[in-house]
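[1] Show me how the following folds:
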Amino acid sequence: MSAKLLTVAEAAKFKGVSRSAVYAAIADGRLPHVLILGHMGVKESDVHTWEPVKYAGRPGRKGGRPAGISVSAETKEQISKSQKKRWAQRNQK
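    Prediction:
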């Protein structure tokens, strides 16, 4: 008995997510895959059981942080410092 394989595009369409989300799940090890002649395939049964990560961005907007993850004030300050440094470097050019 052989399992039905789906392409990454088919798996994404089935779950209602982007192909990038499927590739990310494969890279993270959350979705098992097989390589056949250089193409990725995922078992249909694995796609049924896989739950994509939900993001807490605004509705209709891609990106955002995964739900339930908060950022500390210290981390925000570090990010702000690094952004200001990059902007200063860009303006010097």
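[2] Residue ranges in this structure under the pLDDT threshold?
    The model of the chain has pLDDT under 70 over residues 1-2, 55-71, 93.
[3] where along the protein do the strands fall?
    All strands of the chain, identified by DSSP state E, fall at 5-6, 34-36, 39-43.
[4] Provide the contact partners of stretch 41-53 at residue level.
    Here stretch 41-53 makes contact (CB atoms under 8 Å, 6 or more residues apart in numbering) with 3-8, 11, 14-15, 17, 21-22, 25-26, 30-35, 66. Quick note: C-beta positions are derived from backbone N, CA and C, even for glycine.
[5] before we move on, back to that, any chance of the strands of the chain in TSV with distance to E77 and mean neighbour count as columns?
    Compiled in TSV, these are given as follows (distance: least, CB to CB, whole Å; neighbours: other CB atoms under 10 Å):
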stretch	distance to E77	mean neighbour count
strand 5-6	44	18
strand 34-36	43	9
strand 39-43	40	17
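[6] Dump these into a markdown table; add distance to Q78 as well.
    Converted to a markdown table, the strands of the chain look like this (distance: least, CB to CB, whole Å):
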| stretch | distance to Q78 |
| --- | --- |
| strand 5-6 | 41 |
| strand 34-36 | 39 |
| strand 39-43 | 36 |
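[7] Just tell me which of those strands ends up closest to K76.
    Minimum separation from K76 across the strands of the chain (CB to CB) falls at strand 39-43, 36.7 Å.
[8] Among the contacts of stretch 41-53, which ones are in helices?
    Mapping the contacts of stretch 41-53 onto helices (DSSP state H) picks out 8, 11, 14-15, 21-22, 25-26.
[9] K81: which of these is nearest?
    A21 (31.1 Å).
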